[in-house]
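Enquirer: Next come a sequence and a model predicted from it.
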Number of protein chains: 2
Amino acid sequence: MRAGAPGTAVAVDVVVVSLDPDPDADRPVVLLRRRAEAPFAGAWSLPGSRVAPDEDLTGAAHRVLRSHGGLRGARHLEQLATFGRPDRDPRGRVVSVSYLALLPRPTAAGDPTRWWHADEPPELAFDHAEILASALERLRGKLTYSNVAYGLLGDAFTLSDLQEVYTSVLGRPLDKRNFRRRVLSVGMVAEAEGQRRGSHRPAQLYRFATDELVLLDDVIVT
Amino acid sequence: MRAGAPGTAVAVDVVVVSLDPDPDADRPVVLLRRRAEAPFAGAWSLPGSRVAPDEDLTGAAHRVLRSHGGLRGARHLEQLATFGRPDRDPRGRVVSVSYLALLPRPTAAGDPTRWWHADEPPELAFDHAEILASALERLRGKLTYSNVAYGLLGDAFTLSDLQEVYTSVLGRPLDKRNFRRRVLSVGMVAEAEGQRRGSHRPAQLYRFATDELVLLDDVIVT
DNA sequence: GCAAAAGTGTTGAGTGTACACCCATGG
DNA sequence: CCATGGGTGTACACTCAACACTTTTGC
């Protein structure tokens, strides 16, 4: 592929983030793909693709998600930044538009992809370590002043689930009473029908007031 | 130019923002270029350029600033977003990486460029109206939680100058005492040597504590 | 009855907001 | 002495942060 094509190519790379399903892990995970060929053979990279000539950038990002099997579950996709150092790809000039995708649970990932803890990634190809870092920073920032958390939760969830999203991504504990008061008072979530049962007191289910990104006037956590 | 070149081209477009020097205007201004040729002949566009094969994206943005005469005075340059609708340029596929540049005063602009009030731009070519709008939104946001204002002020300025930057860009008045207390308490500025004199009490000069972008823990204005 | 997670209020400290007058200079 | 912008302090309302125990269920 790309045998000596001249000029500048445009690609998208997608940082696909979810949460470790182990309830005790409390860590975000990211989908990476092992590279079989040079350059960076054996290293891991973000899933990505060249942008087709008549394809929208967002469309290309969606295609990358689709091409990884079960990644239909993405509930949020946003553009991050564009990386264009001339030497970032040794094969030639490739400008990379990066995207952040969020999904509620890691889908089954077969070779050559795997989920990694986002805070301890393996050796990454190209400038993908930089892209990953900026994605995580953006996500942490947006949690505090928007409802992006919807990208990491299903349609119905408990307030403990929601709090777990926050503690996992931010990497620190939050006070339960203050957290609940806050998310309810800013109107981010509303009660849904039903409860979740377990070997303990049932928990009220909630849903997001809206499934679109909303920037909040107030901040959830400081 | 660009006679039938296939594939995807990459360009940068720069939203150059400053403040109307008329002290009563209190409005941000933006540099636009009148298009002589099709497409969009007669319309106005953001200054921009194709990215050269061995050129960094940031380098291309700097080159665009340099190529417009006196624009050496830019004190801030940051990437905004990348626009890539396949049909955004009728001549062929061009992906545009947009940048925001700030400078303290509008420099002399000769044909075919002119400064326009940013809130009442003329008819714009391509998707440049969208790019301009997102630039202004980003600037307003960053004023509140960072020291970007340094991009719109010289090395020494009075606190009234600084407040004028805020009221111009945000488009609303701010309480003088609260504003001063805030910018001083977050350590954004420090006293400089000297005063500015006029037909009134002299004003203490200040400078920014740092000339690099700093995200603040606290917010200047709500 | 035990384990496990859900759910719930109050208080004190600190911060944000509103507000009006005197000061120093140039002309 | 007048006009112009520069500079300053306080009181009140509100918000934020810290904190521990009871409830409901499954087993």
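Expert: Thanks, I have the structure now.
Enquirer: only C-alpha atoms for contact and neighbour calcs from this point on.
Expert: Will do.
Enquirer: what about the longest helix anywhere in chain A, distance to the chain center?
Expert: Determined from DSSP state H, the single longest helix within chain A is helix A:128-145. Here helix A:128-145 is found 9 Å from its chain centre; the criterion is C-alpha atoms, centre = their mean, to the nearest Å.
Enquirer: which strands and helices sit next to it?
Expert: strand A:9-19, strand A:76-83, helix A:159-170 (3 or more C-alpha pairs under 8 Å, 6 or more residues apart in numbering or on different chains; DSSP states H and E).
Enquirer: That helix close to DNA strand D?
Expert: No: applying C-alpha under 7 Å from any atom of the strand, one finds helix A:128-145 separated from DNA strand D by no less than 11.7 Å.
Enquirer: Between helix A:159-170 and that helix, find me the angle.
Expert: Angle of helix A:128-145 versus helix A:159-170, following axes from the mean of the first three to the mean of the last three C-alpha atoms, to 10 degrees, is 140 degrees.
Enquirer: what does helix A:128-145 rub up against?
Expert: Residues from elsewhere that reach helix A:128-145, judged by C-alpha atoms under 8 Å, 6 or more residues apart in numbering or on different chains: A:15, A:45-46, A:80, A:98, A:100, A:148-149, A:166, A:169-170, A:215-222.
Enquirer: Tabulate the helices and strands packed on helix A:128-145 (TSV), appending mean neighbour count, mean pLDDT and distance to chain B.
Expert: TSV is the format used below for the helices and strands packed on helix A:128-145 (neighbours: other C-alpha atoms under 10 Å in any protein chain shown; pLDDT from 0 to 100; distance: least, C-alpha to the nearest C-alpha, whole Å):
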stretch	mean neighbour count	mean pLDDT	distance to chain B
strand A:9-19	26	97	7
strand A:76-83	20	98	6
helix A:159-170	19	97	16
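Enquirer: Which one, of these, ends up nearest to residue A:108?
Expert: Closest to residue A:108 of the helices and strands packed on helix A:128-145 is strand A:9-19 (C-alpha to C-alpha; 12.1 Å).
Enquirer: Adjacent strands (with direction) for the closest one?
Expert: Partners of strand A:9-19 in the sheet, by DSSP bridges, are strand A:28-34 (antiparallel), strand A:48-50 (antiparallel), strand A:94-102 (parallel).
Enquirer: if we can go back for a sec, now, of the contacts of helix A:128-145, which are buried?
Expert: Using 16 or more other C-alpha atoms under 10 Å in any protein chain shown as the burial test, the contacts of helix A:128-145 include A:15, A:45, A:46, A:80, A:98, A:100, A:148, A:149, A:166, A:169, A:170, A:220 as buried.
Enquirer: Serialize the residues you listed to JSON lines and add fields for distance to residue B:180.
Expert: Output for the buried ones among the contacts of helix A:128-145, formatted as JSON lines (distance: C-alpha to C-alpha, whole Å):
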{"residue": "A:15", "distance to residue B:180": "41"}
{"residue": "A:45", "distance to residue B:180": "48"}
{"residue": "A:46", "distance to residue B:180": "46"}
{"residue": "A:80", "distance to residue B:180": "34"}
{"residue": "A:98", "distance to residue B:180": "39"}
{"residue": "A:100", "distance to residue B:180": "38"}
{"residue": "A:148", "distance to residue B:180": "34"}
{"residue": "A:149", "distance to residue B:180": "36"}
{"residue": "A:166", "distance to residue B:180": "34"}
{"residue": "A:169", "distance to residue B:180": "35"}
{"residue": "A:170", "distance to residue B:180": "32"}
{"residue": "A:220", "distance to residue B:180": "27"}
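Enquirer: hmm, which two among the residues you listed are most spread apart?
Expert: Largest separation among these by C-alpha to C-alpha: A:45 and A:220, giving 32.9 Å.
Enquirer: residue contacts, the nearest residue to residue A:40 once chain neighbours are set aside?
Expert: Leaving out its chain neighbours, the residue that sits closest to residue A:40 by C-alpha to C-alpha, 6 or more residues apart in numbering or on different chains is residue A:125, at 5.7 Å. By C-alpha under 8 Å, 6+ apart, the contact list for residue A:125 reads A:40, A:43, A:44, A:45.
Enquirer: ditto for residue A:111
Expert: Residue A:111 touches A:33, A:34, counting by C-alpha under 8 Å, 6+ apart.
Enquirer: what's the spacing between it and chain B?
Expert: 31 Å (C-alpha to the nearest C-alpha, to the nearest Å).
Enquirer: which regions of chain A sit below the pLDDT cut-off?
Expert: A:1-6, A:69-70 (pLDDT under 70).
Enquirer: tell me which parts of it are close to DNA strand D?
Expert: Going by C-alpha under 7 Å from any atom of the strand, the residues of chain A near DNA strand D are A:175-178, A:197-202, A:218-219, A:221-222.
Enquirer: Please list the members of the residues you listed that lie in strands.
Expert: Within those, residues falling in strands by DSSP state E are A:197, A:198, A:200, A:201, A:202.
Enquirer: still on that earlier bit, mind putting the helices and strands packed on helix A:128-145 in CSV, distance to residue A:121 included?
Expert: Formatted as CSV, those follow (distance: least, C-alpha to C-alpha, whole Å):
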stretch, distance to residue A:121
strand A:9-19, 12
strand A:76-83, 19
helix A:159-170, 15
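Enquirer: out of these, nearest to DNA strand C?
Expert: When these are compared by C-alpha to the nearest atom of the strand, helix A:159-170 sits nearest DNA strand C, at 4.7 Å.
Enquirer: care to break chain A down by domain?
Expert: Segmentation of chain A into domains, based on automatic domain parsing, reads A:10-145, A:148-208.
Enquirer: Of these, which is nearest DNA strand C?
Expert: Between the domains of chain A, domain A:148-208 lies closest to DNA strand C; by C-alpha to the nearest atom of the strand that is 3.4 Å.
Enquirer: The closest one spans what distance, first to last residue?
Expert: Using C-alpha to C-alpha, to the nearest Å, the end-to-end distance of domain A:148-208 comes out at 10 Å.
Enquirer: try stretch A:116-132
Expert: Distance across stretch A:116-132, first residue to last, is 12 Å (C-alpha to C-alpha).
Enquirer: Direction-wise, compare the longest helix of chain A with strand A:76-83 and give the angle.
Expert: Using the same axes, to 10 degrees: helix A:128-145 against strand A:76-83 is 130 degrees.
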